[in-house]
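Asker: Only the shape, not the letters, is given here:
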């Protein structure tokens, strides 16, 4: 790799024999053997010379290496000596700098000590003079000067905290504390004199002395300030406690407005007389209002416990409405900064609410709107109520909200009874095809009332009363589902097999059958649309209730049972529509099975029974589709259920058509194809707007009707030879059931002896079932291959050409 070479002698896989053969490929080439030997000997001599030169060149390498190592060691020793010299010089320089700066450091310390001493002496002078002035001003009640001086003295005294071991300093500190105590007692006495606790008349009033005293109280112990505030507010509200005693008429809930009117007058009076006396940061107006709220809450709680039997719903709601309005007024006027202050007892503020209708609660008409889907589908944006005073008074009404809940229970019961009576009086809704079916008006009325109750109750409480209201909602949702919806579905007799049309189907083709009238079909569709609306709105109602209730109670709100009830109503409605159309088609299918198919001589137009089935479908389906236009998914369910009911029934009647001739089988195949086309067009039959049928529905129709066509194809096939017939049956139907094969043989009109041999052959030709597969009697539907489908279409085309 280092010295690439093309010489064959340098190769790793060198082979001497091959090399010699390459040099002398023939006998004639041996004539040059001497020349080749000479070249090789010359090459050997050159290699020996090169090796000898290299060996001689390596003789002095060891001596040169030792000499280089010695030189490197000498250089290291010299470098080490120079580093040591530099280190010694650096130590000497450092020592010299220390000797130079020693005197400077001493001077710095002396200056610092001297400055501290002068500052401390100045502070001591200021403290001594300030204490003397403070005591003199205190005796003369010069509170304006004291406020500024006291703060300065306190600040200066803080500098002497580390000198309290000195007797003189300790004595000055004790004099300052004594002056503060004296000031506190003196200021409290001045306020007591100006605003006596006894009596309702205020003999004193605001003065500059008291205003300055408040400034001094800001500097004193906070307890002095709290005592001043407490006594002033208590004296200010003493008249309120007398006027609204429990035994007074104005104390009851019907005159609750007078309480709030009184405090409004008092706050205005305070602002005019005492607004400038107290510092702004004390927020005295708000403190008075907050203390009034606490007193009012306690008084109302006491009187309502005493007179609980006299509380009526209208009276309770009136008092709550006036109280919440007053709390809203407080929120507009004050910031709520005193609610967390230790001076005033903090009220029980409700937890953060997620009520999305807070901005609507002050309106009168806004709460009457229906919970529309566009409103209910808005993203949830939980927000903390912007009213810090919410519940500060109105919390006292929560223990009595059972009166409100009982009232709503009674009102909802009367509302449901009125809905029932109105439905009986007015009858079912008129057909309204243009609007795609009508939702019962009572449904919207019910949920409007629910929303009104929910918003109203959430304003009163977000705790247990909301759970109680939810229970009431559940009760009347179920009653509405059974009394208004299920109770008004057209009646049909029930048998052990389920709902069936009461009339007996006639055998004669074209005979009349009992079926729902146009009004009854529209009523079923209207009830279905109403149940669908109730289902969606109930789900949204559950979400809104969870938003408004306390987080700890959210798990107790569950309307799944009520939503399931509406789903049952929807399912029953669809089943009634399916049974009605299915029963209307029964006479035609019965007529098909009664025909003498072995006597059919030629293939003509579609049979009369097919025309009858198509007629019933064209009569019912457009009405149902137009009345379910607003709930397309349930119309699709109707189509699917009808296909799942009609196609197996058609196949069962097909098996009853026996015996069948070849021409009869061709006619039945043509009829089956006509029914298949009608069923595929079922969702848009009779409609001006042609829509593609849902894929799920199309799959069911194609699968079921193709099986019917394959049955007829097997009937049309010759039964000789038997092996070919059996294999053709297994291939076309993929049905391993001997019962089905027996029915096919009956349709062909074979004798019992022929059928017996066919059945034995069929059992022998059956493919082995896969492990874990269905039993031999299970039904397996196989879709036709493209070749089978094209063959069927060509045959139908021939039949149509013959008819034309």
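Answerer: Looks like it arrived, so ask away. It should be emphasised that the depicted structure is a prediction, and the values quoted were computed from it without experimental measurement. Numbers count the residues shown, from 1 in each chain.
Asker: Packing partners of the longest helix along the chain?
Answerer: Across the chain, the longest stretch assigned as helix under DSSP state H is helix 61-140. If you count contacts as 3 or more CB pairs under 8 Å, 6 or more residues apart in numbering; DSSP states H and E, helix 61-140 packs onto helix 143-158, helix 167-194. The C-beta positions use only the backbone N, C-alpha and C, and glycine is treated the same way.
Asker: highest average neighbour count across these?
Answerer: helix 143-158 (a mean of 18; mean count of other CB atoms under 10 Å).
Asker: The longest helix of the chain relative to helix 167-194, how many degrees between them?
Answerer: Calculated by axes from the mean of the first three to the mean of the last three CA atoms, to 10 degrees, helix 61-140 forms an angle of 50 degrees with helix 167-194.
Asker: Now do the helix or strand where residue 698 lies: distance to the chain's middle.
Answerer: Assigned by DSSP states H and E, residue 698 falls within helix 695-716. Relative to the centre of its chain, helix 695-716 is centred 44 Å away, using CA atoms, centre = their mean, to the nearest Å.
Asker: what's downstream of that helix, the next helix or strand?
Answerer: Past helix 695-716, the next helix or strand by DSSP H and E is helix 722-733.
Asker: Could you pull out the buried residues of that next one?
Answerer: By 16 or more other CB atoms under 10 Å, the buried positions in helix 722-733 come out as 725, 726, 729, 730, 732, 733.
Asker: for that helix, packing partners?
Answerer: Right, helix 722-733 is packed against helix 695-716, helix 738-748, helix 752-765 by 3+ CB pairs under 8 Å, 6+ apart.
Asker: per-residue confidence averaged over the longest one?
Answerer: Averaging the model's pLDDT scores along helix 695-716 yields 90.
Asker: That one vs helix 722-733, what angle?
Answerer: 170 degrees.
Asker: Please name every helix or strand in contact with helix 695-716.
Answerer: helix 632-656, helix 662-680, helix 722-733, helix 738-748, helix 786-803.
Asker: how about those helices in JSON lines, adding distance to residue 25 and mean pLDDT?
Answerer: Output for those, formatted as JSON lines (distance: least, CB to CB, whole Å; pLDDT from 0 to 100):
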{"stretch": "helix 632-656", "distance to residue 25": "91", "mean pLDDT": "91"}
{"stretch": "helix 662-680", "distance to residue 25": "88", "mean pLDDT": "90"}
{"stretch": "helix 722-733", "distance to residue 25": "74", "mean pLDDT": "82"}
{"stretch": "helix 738-748", "distance to residue 25": "86", "mean pLDDT": "85"}
{"stretch": "helix 786-803", "distance to residue 25": "71", "mean pLDDT": "53"}
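Asker: Nearest to residue 223, out of those?
Answerer: The closest of these to residue 223 is helix 632-656. By CB to CB, the value is 72.0 Å.
Asker: thinking again about what came up before, could you tell me the least trusted of the helices and strands packed on helix 61-140?
Answerer: Among these, helix 143-158 scores lowest, at a mean of 67.
Asker: can you list the weak-confidence ranges in the stretch 451-600 of the chain?
Answerer: Along the stretch 451-600 of the chain, segments meeting pLDDT under 70 span 492-514.
Asker: which residues in it form strands?
Answerer: 494-495, 498-499 (DSSP state E, counting those that start in this stretch).
Asker: Just the element for residue 603, please.
Answerer: Short version, using DSSP H and E: residue 603 is in no helix or strand.
Asker: Could you chop this protein up by domain?
Answerer: By the assignment in the TED database, the chain contains the domains 394-490+516-570, 717-766.
Asker: which one of those has the most crowded surroundings?
Answerer: Among the domains of the chain, highest average neighbours (mean count of other CB under 10 Å) belong to domain 394-490+516-570, with a mean of 18.
Asker: what distance separates the start and the end of that domain?
Answerer: 43 Å (CA to CA, to the nearest Å).
Asker: which regions of the stretch 101-250 of the chain sit below the pLDDT cut-off?
Answerer: Checking the stretch 101-250 of the chain against pLDDT under 70 turns up 127, 130, 134-135, 138, 140-152, 163, 180, 196-207, 218-219, 221.
Asker: contacting residues around residue 319?
Answerer: 253, 254, 256, 300, 397 (CB atoms under 8 Å, 6 or more residues apart in numbering).
Asker: oh, I was asking about residue 246
Answerer: 299, 302, 303, 306.
Asker: 6 Å instead?
Answerer: residue 303 (CB atoms under 6 Å, 6 or more residues apart in numbering).
Asker: Ok, the one 4 residues further on next?
Answerer: When contacts are counted by CB under 6 Å, 6+ apart, residue 250 touches 244, 258.
Asker: tell me the secondary structure for it?
Answerer: At residue 250 the chain is in helix, as set by DSSP: H, G, I helix; E, B strand; the rest coil.
Asker: Excluding covalently adjacent residues, which one is nearest to residue 337?
Answerer: residue 283 (6.2 Å; CB to CB, 6 or more residues apart in numbering).
Asker: What's the local residue count around the one you found?
Answerer: Using other CB atoms under 10 Å, residue 283 has 21 neighbouring residues.
Asker: surely it meets residue 338?
Answerer: Yes. When contacts are counted by CB atoms under 6 Å, residue 283 is listed as touching residue 338 (5.3 Å).
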